[in-house]
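*Asks:* I'll drop the sequence and a predicted model, then ask my questions.
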Amino acid sequence: MSVFNSLPPKINQYHLIKWLRANYPFLNKKNLSLNILNSERDKNYLIKVNKKSLYVLKISNPLESKNFLEMQDFLLTNLNSRASIKDFIPKKIHSTLNIYKDEIGRSCYVRILSYIEGQIYAKSKSSKELELSLGSLLGNLSKELQNLGHASSFRKFEWDPSSIDWIKKDTNLFKGKRKTIINNNFQEYEYFVKKNKNNLRFSLTHGDANNYNLVVKNNKVIGLLDFGDMIFAPTINDLAITLSYALMNKSDLYSPLKNIILSYHNIFSITFDEFFSLMSLVKSRLTITVIMAAKQRKKFPNNTYLGISEKDAWSLLYKLDKINPYLFIYFLRDLCDYPITNNYSKVIDYLKNNKFSNILDFDLIKINKSTIYLNSESIFAKNSTHNPKSISKKINSYLSKNNSSIGIGLYREKRNVYKGKNYVSLLNPNTRRDIHIGIDIFSSAGTFIHSPLNGKILILTNNAFEFDYGPTIVLEHTIDKKNRFYTIYGHLSKKCLKLLHVGQQIRKGQVLAEIGNFPINGNWPPHLHFQIILNMMGEKENFPGVSEDILIPMWSKISPDPNLILGIPNSFFKKHKHIANLITKRRSHVSNNLSISYNKPLQFLEAKGQYLYDDKGRQYLDCVNNISHVGHCHPKIHEALVNQNEKLNTNTRYIYKIMNDYSEKLLSKFPKKLDTVFFVCTGSEANDLAYRIAQTYTHSRDVLVIDNAYHGHTNTLIDLSPYKFKGKGGKGQKDHVHVTKMPDGIRGDWKYKNKFWIKEYIKDVQKIIDQIYSNNKKLSCFFVESILGCGGQIILPPNYLKETFKLVRKKNALCIIDEVQTGFGRVGNNFWGFEEHGVVPDIITLGKPMGNGHPIAAVVTTKEIANVFNNGMEYFNSFGGNSVSCAVGNAVLEVIENEQLQKRALDVGKYFLNSLNLIKKNHPKLISEVRGRGLFIGIDFVKNSKNEPNKKLASLIINKLRNQGILLSTDGPYHNVIKIKPPLPFTKEDSDFVSQELDQLLRSLY
Ligand SMILES: Cc1ncc(COP(=O)(O)O)c(C=O)c1O
């Protein structure tokens, strides 16, 4: 027989007072009175002296064991010596366990404890402060109990929520919903508690920190009573028991859970595995409560204390039963900064490092998309009545107005469309589940959905309720033996339900289903709901696609951004300005002689490698930006820049090692003779300085340039650039500037068919030099690009440089190579464009690719020339060669080497030239020549076999290909040459894409 089956002591209060006076001298007071207190199995009294509550008298059940009461005394004494807890527990007043005989002569042990004055927790108004204080009291209790032990604590105890098998038979006490709930609890207990027991910490536990054993004062828990249920059990029991009472009568479960658990955890860390059992222990304890109440009520119909929590326990059990047990586990783990699921980092790594196939028939990255906002300001979610047809119409007209093929509904958007009570939060009914944790793809009904990766059908069902998923597929994806994850496809048409079956293997790229129409798709405008799921949480038919605000941190880890698979550029999801507004503003602030490319200008938001991404989330292949030489936004360049900028950025008047390192590395790329460098910021500055050096060295000003050359935008350089001074707004040729004919074998004075065409151009140089000297002038230098960019990507013919340099040098003038466009490995066969001509220039100027977008440029020359220039006038450049620029320049050289970009330019360039020459073969009347070195290529478009330049066609092509996602531009004196000079990560596949699109376009045009 246990204490539960034995009646509490039968007491005659008058007799008891007398006995107390006789046995406890400190109670031998005139005005001693007793007030009965609630107890299930004992008789407890409040002892008052002069109406003042002083002590608690505990007369134990006659069947209570002495050992057990001694254990309580032992614990009270011990806990009273622990600073963190002593003020919260009663003090032992009695010195020995006396025996009191009750009215029917049974022996009962007597104890007297100090009284903690306050209100009972159950009767107190709940508040955050109160819950926090409760959590920390329990945390301290668990902490202290770790180091205490007592033989009597090793016992079986009916109220221990970690061992409830003994009441399993009592489920028959209930019927209907109650029975289902209790059965569910037992099932969960088996899985979440029993199977997990080996992973739980065990210690002495209080065993009954319920809301009638907690004393509250000034909104804080100040006392913990009743150590009569102490037992060696899972440590986490105490928290679970407290929660089972603290959550009663709370409509918002979220806040008390958060407050109590966090403050407990801050003092005494809950383990990852304890979270697995915690809420099931809560349910177990409530299960004990309702079973015991039902049983005891039968036996002791008059003891009201026995049923004290029954009603509240049931209503909490009903509430908890609706909530997926994993939700608690994950929410609480996340709250305490634990990983939620073991597979998280493995799956995220997998998603980040793998390529997935298209979810629709085409690549989402290659089409224009628009965001379909469904938030409170959404134009689509304004009406209070839900009408999928009219929303659908609005979405379609919005998409066509924005020139977009599909709409994208956002991950983690707080939405205004989730109606109905299904979307009320179960944790806190004052909040709704209205934050989307998938991505929606709005397209017409019937659009095919492909599986982006291999998988197996786990769920295939029709969630056929309004606002639900309609026909739904969940695929299971296996990474390795231990790690798998899932993807969900909602709002499909019914076809897939017939065509597929659960367990079916699905291949990457396979058509899976099609987008469904309303009303069968849950009565939504046609769209796909796509979501990643790291753990199915035991769900068999469905999976939450929306979450309440408070649980978003947790859900984001279970259902991370589906864009990890879709691969839409992240910038697309950020709010940005409409391009038309940007253009208007730019026009009002910035001079209009800065041109804007294409008939339909582009706003770019981000870039990577050879790709740029616009405001429609579309990818563009960059075929023109040789400045982003090693690839847009290269992480190594960025890192070098940031690291240096964090440490030091100063100018060349101080000593810093990075300038020496970089100079050495850069000069190692040149013939030995070229051993001195001047750092500047732009190509123009470099040419300007080179010209100044040449003037100082030669004491003359006259300069020889090639027709159509461009050397920079400064006053001086516009004069040296026929491309500018002969063009619109140009002021014509200056006296000191001498122009030799451009060696153009197609349209020049001497053409390929003339056997001596090269010699003729060399002779022209001789002629001009002669003219200079016949006018009593003196030549300072010859400026020449190693491939003539603005001239139309013209490759200098063999021997041209060798011979012309000889002519120039005969006059002691300097030969300057402008390598601003072509340098740093782009030409593939050499690091510099001039090298293939077998010459060593006197000065070389560098720019554009040198800093991969960071403004750094240089003049490289010989020590002898530099010494002459060092004529007493200081050369100072505020920014040129500063520490950051040098670090960036150095990183660019490293990346070129490490990623073997020169070789890549050679291989891909050859491949590309071949393809383009095939296109030329297909369209001989449209293309006169494809020319280039490495990834510096020009396609010369003509009107006819007479090679009349076709500016119109070239311009049409670049605008049409822009619409296909390819960025090109035109050059040459007639603007008929399409220039190709992409960032060097450009691949053969990229070149195929350009060739195919170009060929197709030309075929469609002619
Ligand atoms: C051959 C050549 N030299 C010099 C420059 C001027 O460089 P920057 O624009 O950096 O001043 C350019 C610019 O396009 C160029 O093509």
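*Replies:* Perfect, thanks for sending it. What you are looking at is a predicted structure, and each value in this text was computed from that prediction instead of being measured. Numbers count the residues shown, from 1 in each chain.

*Asks:* count of neighbours near residue 198?
*Replies:* Neighbourhood size, residue 198 [other C-beta atoms under 10 Å]: 7. All C-beta spots, glycine's among them, are computed from the backbone N, C-alpha and C.

*Asks:* sorry, that was for residue 688
*Replies:* For residue 688, using other C-beta under 10 Å, the count is 22.

*Asks:* Buried residues in the strand or helix carrying it, which are they?
*Replies:* Here residue 688, judged by DSSP states H and E, is contained in helix 683-698. The neighbour-count check on helix 683-698 (16 or more other C-beta atoms under 10 Å) flags 683-695, 697-698 as buried.

*Asks:* List, out of these, those positioned next to the ligand.
*Replies:* Among these, the residues that sit close to the ligand (C-beta under 6 Å from any ligand atom) are 683, 684, 687.

*Asks:* Which of those sits closest to residue 923?
*Replies:* Of all these, residue 923 sits closest to residue 683, with 34.3 Å by C-beta to C-beta.

*Asks:* list the helices and strands the lengthiest helix in the chain packs on?
*Replies:* Of all the segments assigned as helix in the chain under DSSP state H, the longest by residue count is helix 272-299. When contacts are defined as 3 or more C-beta pairs under 8 Å, 6 or more residues apart in numbering; DSSP states H and E, helix 272-299 sits against helix 176-188, strand 231-234, helix 237-246, helix 310-321, helix 325-335.

*Asks:* Indicate which one of these is closest to residue 52.
*Replies:* helix 237-246 (29.3 Å).

*Asks:* List the buried residues for the following helix or strand past the closest one?
*Replies:* With elements assigned by DSSP H and E, the helix or strand that comes after helix 237-246 is helix 254-267. Of the residues in helix 254-267, 254-265, 267 count as buried by neighbour count, 16+ other C-beta under 10 Å.

*Asks:* So what touches helix 254-267?
*Replies:* Residues from elsewhere that reach helix 254-267, judged by C-beta atoms under 8 Å, 6 or more residues apart in numbering: 126, 128, 131-136, 138-140, 142-143, 239, 242-243, 246-247, 250, 270, 328, 331-332, 335-336, 425, 427-428, 550.

*Asks:* Now, of the residues you listed, which are buried?
*Replies:* 126, 131-136, 138-140, 142-143, 239, 242-243, 246-247, 250, 270, 328, 331-332, 335-336, 425, 427-428, 550.

*Asks:* Report how many residues lie close to residue 731.
*Replies:* With other C-beta under 10 Å as criterion, residue 731 counts 10.

*Asks:* In this protein, what residue comes closest to the ligand?
*Replies:* Distances between the chain and the ligand by C-beta to the nearest ligand atom are smallest at residue 683, namely 2.3 Å.

*Asks:* shaky segments in the stretch 851-1000 of the chain?
*Replies:* For the stretch 851-1000 of the chain, no stretch has pLDDT under 70.

*Asks:* do that again at 90, thanks
*Replies:* Along the stretch 851-1000 of the chain, segments meeting pLDDT under 90 span 945.

*Asks:* Repeat that for the stretch 151-300 of the chain.
*Replies:* 151-152, 155, 157, 226, 228, 295-300.

*Asks:* please redo it, this time with the cut-off set to 80
*Replies:* Applying pLDDT under 80 to the stretch 151-300 of the chain flags residues 296-300.

*Asks:* what separates the nearest residue to residue 65 once chain neighbours are set aside from residue 80, distance-wise?
*Replies:* Nearest non-adjacent residue to residue 65, counting by C-beta to C-beta, 6 or more residues apart in numbering: residue 152, 7.5 Å away. Using C-beta to C-beta, to the nearest Å, we find residue 152 at a distance of 19 Å from residue 80.

*Asks:* try residue 91
*Replies:* With C-beta to C-beta as the criterion, residue 91 and residue 80 are 6 Å apart.

*Asks:* go on, residue 713?
*Replies:* Separation of residue 713 from residue 80 (C-beta to C-beta): 86 Å.

*Asks:* and if you look at residue 112?
*Replies:* In terms of C-beta to C-beta, residue 112 sits 15 Å off from residue 80.

*Asks:* Between these two, which is the more surrounded one?
*Replies:* Using other C-beta under 10 Å as the criterion, residue 112 and residue 80 rank with residue 112 on top: 24 against 15.

*Asks:* Run through the bridge partners of that one.
*Replies:* Beta-bridge pairing for residue 112 (DSSP bridges): residue 57.

*Asks:* For it, give its distance to residue 73.
*Replies:* From residue 112 to residue 73 the distance is 11 Å (C-beta to C-beta).

*Asks:* for residue 568, same thing?
*Replies:* For residue 568, the distance to residue 73 - C-beta to C-beta - is 68 Å.

*Asks:* Then residue 806?
*Replies:* When residue 806 is compared with residue 73 (using C-beta to C-beta), they lie 112 Å apart.

*Asks:* So for those two, which sits in the more crowded spot?
*Replies:* Neighbours were counted for residue 806 and for residue 73 using other C-beta under 10 Å; residue 73 has more, 17 against 14.

*Asks:* what's near enough to touch that one?
*Replies:* With C-beta under 8 Å, 6+ apart, residue 73 has these contacts: 92, 97, 111.

*Asks:* Output those residues as a markdown table; include the columns distance to the ligand, pLDDT and neighbour count.
*Replies:* What follows is these, written out as a markdown table (distance: C-beta to the nearest ligand atom, whole Å; pLDDT from 0 to 100; neighbours: other C-beta atoms under 10 Å):
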| residue | distance to the ligand | pLDDT | neighbour count |
| --- | --- | --- | --- |
| 92 | 88 | 93 | 17 |
| 97 | 96 | 93 | 14 |
| 111 | 92 | 96 | 24 |
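
*Asks:* Work out the gap between the helix holding residue 688 and the centre of the chain.
*Replies:* Helix 683-698 has its C-alpha centroid displaced from the chain centroid by 49 Å (C-alpha atoms, centre = their mean, to the nearest Å).
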